[in-house]
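Novice: Sequence and predicted structure below; questions after.
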Amino acid sequence: MPGIVARVGGPPVPPHETEAVLAPLRHFAFYESAAKSCANGWLGWVGIGRAACRLDRDDRSGRVVVYHGDAAERRDDAQRRSRAEDIAALLGKGAAELARRLGGSFAAASFDPASGEFHCATDRFGHHRVYYCQVGPTLYVVCELKALLGWPELPAAPDPDALRDLINYGYPLGDRTSLAGVKLLQPASQLSFCDGVLRVGRYWQPRYEPVEGDDEELAAEGHRLFCESYAAKTAGAARLLVPVSGGLDSRLLLARARAEGQEIFAYTYGHARAREAAVACEVMRALDVPPRHIVTDDFPGAVDAVRRATWFGEGMVNATIAQLAMLLDKFAAEPRSSLYINGIYGGPTNFSNGYHKPNELVPDMPRAEKVARIGATMFSHLLHTAQNYRKLTPAFARDCDQAYDREIDRLLADYEDVSPLFGHQKDAFYIDNRLCRFMNQVDLNRYYWDEVIPLTSTALYDFYLRLPDRVKFGRLLHKQMLARYYPRAAAAPVFSSGISVTDELAGRPALRPGRLQARAGRAREILRRLTLGRYNPPDPGDFRSHDYHYRRNRVLMGFYDSVLGDERLLADAYFDRTVVRRYLRRFRIGVQHAGTLATIMAWELWLRQLNARRWDV
């Protein structure tokens, strides 16, 4: 992902070092990069837009500063100078105040060329990744792991513990990365380095202090804070790209964009019969926006999209996300001045949605039950099964099984101070380790566009922490806000319930999938098997229908065969080659193994890319 790159300490900077490190990160022709070097190291930036708006020097302190975040370019010179002064003055001393002033999503760094003192911080959501590792007296900081390949003195060994997390939870937890010895700077954290001494810690920790209030007043305050965040993040944007799903967050953003009178390119995607795409089109029509459904049944360049998605995801994302990379290529003609506004999971707090249940708001609960409940909320209990471990070598399967509860238990200790109530502890754990970590890993949009998430701001997060729990359950406050301020958006159906927000607030029961739909799903699976995979009807309930897409694309199927059926499988230290080949054979005749094979594929391709130091292997 675009962002900050630095090397601090160690030997003098040789010619061409900065270019060797930055070059692998210029993924497209519209990327820019810049760096400032001195005897103590260098600090740089790479990404979409003008480097001059991101890399600057504070005249007062002489520090070099980098700001990567919201509205970096849509500010005048005076505002940029003021921001550079804040970063130079507050990083390392008052990161919490800096985060309050910057307001939303950012990663920032400052470097003193004279003393070699370096500071870096992430926002409360960790929206922009910052990786770091120290080797002797030298600190390396990058926005993507692949940048570390530009320093030949650094080893590029994969971390088996990260793969274990991928198998157990679907993504790495905490600060773990797919490269051994490299860590991720977590949300609301700052890093300081001087004279070979590295210090890393949180500058802010959530504190749940619910305050009861009137629903209408809470909705009014929430709407005001949302509008302020939206205005700050989209100020000066000429045109907006708005992805629309059948959920609540994207319709809120689309409704706000319509209320602001901004120029909009709204779209949804999915296979031709996807019910959620049909609901998204209804939302667009309700708001008088031309509905665009980008059909994903057949995409050219699928193999390159899988390679590139693995390169972007650094082996830690199931390769089915490649469909998103193929989708974004459809917008190649869209001006790069367009701003991509994303409602992905509503921002890390999902805007007023709690990830706990009423019966979990208790001060005392056995530790084992806490761990089990967290695993169930993260959906990882579906992965902690003998069936999931069947694809692994016996030794690695045992390691994964033994580590499952242990890792959740280890990280839980970091969240026990957020509240005396377990429900809040679980909520904070989920936000950091599911919403922040997972969603930041799979969000490929930021590689293609200047992206903002209007539902992430320090003010909205503070508001979330003092909301009464009762309005978080079932996203009640969000629905009340939609009904009050955007009634046309509220009148459109919601995919998850089958009814509109208006009807739900009026007490109408949600529509649940009936027996007929379940029987239809079973019939589709039988037909796939009877026809040996030649008949591939998609599941209307699946937004993306990964199995359908992968089986339908014979070129992609051949690519999977060539990689995972290779005798030189690099990942065979972790995956049982016999089982992998069996899954490939069964996949060809209609068995749903796309997700399993995509996880193996992501790690195998990442290993090959590390060895070759390039994405197109």
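Specialist: Nice, thanks for sending it over.
Novice: from here on, contacts and neighbour counts on C-alpha atoms
Specialist: Will do.
Novice: Thought I4 was touching V142, still the case?
Specialist: Yes - V142 is within contact range of I4, at 5.8 Å (criterion: C-alpha atoms under 8 Å).
Novice: Common neighbours of these two, please.
Specialist: The contact sets of V142 and I4 overlap at V130 (C-alpha atoms under 8 Å, 6 or more residues apart in numbering).
Novice: Look at the two and report which has more neighbours.
Specialist: I4 (29 against 26; other C-alpha atoms under 10 Å).
Novice: other SSEs contacting the helix or strand where Q134 lies?
Specialist: Here Q134 sits within strand 131-135, counting by DSSP states H and E. Contact analysis of strand 131-135 by 3 or more C-alpha pairs under 8 Å, 6 or more residues apart in numbering; DSSP states H and E lists strand 138-142, strand 183-184 as its packing neighbours.
Novice: which parts of it are buried?
Specialist: For strand 131-135, the neighbour count (16 or more other C-alpha atoms under 10 Å) marks 131-134 as buried.
Novice: residues making contact with that strand?
Specialist: 139-145, 181-185, 198.
Novice: Can you list the strands that that strand pairs with?
Specialist: Sheet pairing of strand 131-135 (DSSP bridges) gives strand 138-142 (antiparallel), strand 183-184 (antiparallel).
Novice: looking at the ones you listed, which is buried most?
Specialist: Of all these, strand 138-142 carries the top mean neighbour count, a mean of 22, counting by mean count of other C-alpha atoms under 10 Å.
Novice: Send over it as CSV, restricted to the C-alpha atoms.
Specialist: The C-alpha coordinates for strand 138-142 follow below in CSV (Å, rounded to 0.1, in the frame of the first residue of the first chain):
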residue,chain,number,x,y,z
THR,A,138,19.7,0.3,11.8
LEU,A,139,15.9,0.7,11.7
TYR,A,140,14.0,-0.1,8.5
VAL,A,141,10.5,1.2,8.1
VAL,A,142,8.3,0.4,5.1
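Novice: the helices in the stretch 401-550 of the chain, which residues?
Specialist: Ranges of helices in the stretch 401-550 of the chain, per DSSP state H, counting those that start in this stretch, are 422-430, 437-442, 458-466, 476-485, 487-491, 501-505, 515-530, 546-552.
Novice: can you put the ones you listed in TSV and add mean pLDDT?
Specialist: As requested, the helices of the stretch 401-550 of the chain are arranged in TSV below (pLDDT from 0 to 100):
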stretch	mean pLDDT
helix 422-430	94
helix 437-442	81
helix 458-466	94
helix 476-485	95
helix 487-491	97
helix 501-505	93
helix 515-530	66
helix 546-552	69
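Novice: I589 is nearest to which of those?
Specialist: For these, the distance to I589 is smallest for helix 515-530, at 5.5 Å, taking C-alpha to C-alpha.
Novice: buried sites along the helix or strand harbouring R224?
Specialist: Following DSSP H and E, the helix or strand that holds R224 is helix 215-234. In terms of neighbour count (16+ other C-alpha under 10 Å), helix 215-234 has its buried residues at 218-220, 222-223, 225-227, 229-230, 232-234.
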